[in-house]
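Chemist: This is a predicted model, with the sequence first.
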Amino acid sequence: MAWDFSSDPHFQPQLDWMRDFVDNTLIPLELLLDGLNQAELDALWAPLKQTVKDRGLWAAHLSEEHGGPGLDRAGSGQQRLALMHEILGRSELAPEIFGCQGPDSGNAELIAVGATEEQKQRWLYPLLRAEVRSAFCLTEPDTSGSDPTGIATRCERDGEHWVLNGEKWFASNASVADFLVVMCVSDPDAAPHKRASMVIVEKGTPGLELLRDVPTMHKPHAAADDFLMDRIGGHTHVRFNNCRVPLNHMIGEPGEGFILAQKRLGGGRIHHAMRMIGQCQRTFEMMKERAVSRHTKGKPLARQQMVQDMIAESYAEIEMVRLLVMKAAWTMDTQGAFSKESRAEIAAVKFATPRILLGVIDRAIQLHGALGYSCDMPLEGMYRSARALRVADGADEVHKQSLARLILENTEPVSGWPSEHIPTKRAQAQKKFGHWIEQARAAAQ
Ligand SMILES: Cc1cc2nc3c(=O)[nH]c(=O)nc-3n(C[C@H](O)[C@H](O)[C@H](O)COP(=O)(O)OP(=O)(O)OC[C@H]3O[C@@H](n4cnc5c(N)ncnc54)[C@H](O)[C@@H]3O)c2cc1C
């Protein structure tokens, strides 16, 4: 297969600016946000967001027609976006300031693709202007998120309304969201992938109950109501109890839920993976600095062979997975975002990247000793946050299964011995090339 991806030199100045902005403004600012309420954070973030907009980098995943700057344009769009997200991944705050934070970015893609102009006016454009927040509700406490065809939350038509009943959980940001995009069963008798639809439920709709933000490894303590930095990134348990919304709150047609869900996730997974590469690199920088700075037995850690092993393994793993993600972006650019080839590459990066990231952070913690385990370094927080990525947006096993299925689809079975069976191959070779051997022998006599 040909191999010819290269990065766009015209985009390099933007990447350089982002690297400086992320490293020298956003990462330091992150350390000062504790205790600020929503109004204070909004006031602090507004000029930063404006700077990003002025540079044409706001909501960069969306095309111009959908309200973005058009960085996704044909040719090398996903590669440009991947390189951008590699930089944004260095900072937890960056996606918010660049208008590409989940779940809003995915929801914006879904609404942009499936909604009517009236629906876009109501939900998409305010989301793009960062005037509102959103959540995505698919996973349920009582059914397996790994098989979304089994979801149980119902949406039934009653006159001019859809009536929702059921429970969702791990709906990221739902407790601070202005609206929820809910995947629910509109026709239980249809084929599995045609049963579900996407319905928007706005904050405050009677029958919408936000039960709690579920404490997690990343955020083990319940957040105070006005403590936005804790509540952003919270994962909410939600109940719909005869929750009524008008018919025009459905995105797309009844039964299009799965088609829309796929639109939501393709590009997002690549960008997420590239943000993990950014975290790998920041971690690796900490690791290298510690290795050359800390001395033991009269020499720097960097001169201990087992430390060199950690450095070398980490470097090779980060480069391997970075190339894998770039190849996935390139495949999306050249073969189409929803092609079979792209789906295979996306599935591969979805499970490969968190594994590498967790390994690199673990080594960095080890190299820093007690300091690495302490909250005086960002490593422990990065580790707790990264662990979610082996489950969130589909467990590793599910993506491995999809990848294996796609790979094996075009593999032909053989009857009898495997194609590489040496005695069989030797007999075939003898038949085809045996006379060459005889000729060579005769010529040498
Ligand atoms: C931080 C975080 C944020 C999230 N945000 C959202 C959100 O905003 N909206 C939303 O709807 N959901 C969200 N989720 C939920 C997430 O998408 C689901 O947790 C995920 O899809 C797995 O579903 P489940 O938890 O029901 O696990 P289950 O489906 O019950 O699976 C449990 C485990 O079983 C194993 N398993 C499952 N299927 C297979 C298989 N085919 N082969 C082998 N083993 C298998 C895996 O080890 C898997 O981890 C979030 C989750 C996390 C952790």
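Modeler: Everything's here; your move. Only a predicted model underlies this, so the values are computations on that prediction, with no experimental measurement involved.
Chemist: wait, what's in contact with the nearest residue to Pro148 once chain neighbours are set aside?
Modeler: Among residues not flanking Pro148 along the chain, Leu138 sits closest, at 6.0 Å (Cβ to Cβ, 6 or more residues apart in numbering). Backbone N, C-alpha and C define where each C-beta goes, glycine included. Taking Cβ atoms under 8 Å, 6 or more residues apart in numbering as the criterion, Leu138 is in contact with 145, 148, 151, 168, 183, 261.
Chemist: these two touch, right, the last one and Val181?
Modeler: In other words, Ala261. No: taking Cβ atoms under 8 Å as the definition, Ala261 is not a contact partner of Val181, at 9.6 Å.
Chemist: which residues do the two both contact?
Modeler: Residues touching both Ala261 and Val181 (Cβ under 8 Å, 6+ apart) are 110, 198.
Chemist: Just want to know which of these two has more residues nearby.
Modeler: Set Ala261 next to Val181 and count neighbours by other Cβ atoms under 10 Å: Val181 wins out with 27 against 19.
Chemist: thinking the more buried one is in contact with Ala135, fair?
Modeler: Yes: counting by Cβ under 8 Å, Val181 touches Ala135, with 7.2 Å between them.
Chemist: where does the stretch 201-350 of the chain come near the ligand, residue by residue?
Modeler: Applying Cβ under 6 Å from any ligand atom, one finds that the stretch 201-350 of the chain approaches the ligand through His235.
Chemist: Leaving out the residues flanking it, which one is nearest to the closest residue to the ligand within the stretch 201-350 of the chain?
Modeler: Taking Cβ to the nearest ligand atom, the ligand has its nearest neighbour within the stretch 201-350 of the chain at His235, 5.2 Å off. Nearest residue to His235, sequence neighbours excluded (Cβ to Cβ, 6+ apart): Phe170, at 4.4 Å.
Chemist: and if you look at Arg343?
Modeler: Leaving aside its sequence neighbours, Arg343 sits nearest to Leu406 (Cβ to Cβ, 6+ apart; 6.3 Å).
Chemist: lowest confidence element among the helices and strands of the chain?
Modeler: Ranked by mean pLDDT, DSSP states H and E, the weakest helix or strand in the chain is helix 228-231, scoring a mean of 52.
Chemist: Could you list the residues in contact with the very next helix or strand once past that one?
Modeler: Using DSSP states H and E, the helix or strand that directly follows helix 228-231 along the chain is strand 235-246. Around strand 235-246, the neighbours that count as contacts under Cβ under 8 Å, 6+ apart are 135, 137, 141, 153, 158, 160-175, 180, 182, 184, 199-202, 205-214, 216.
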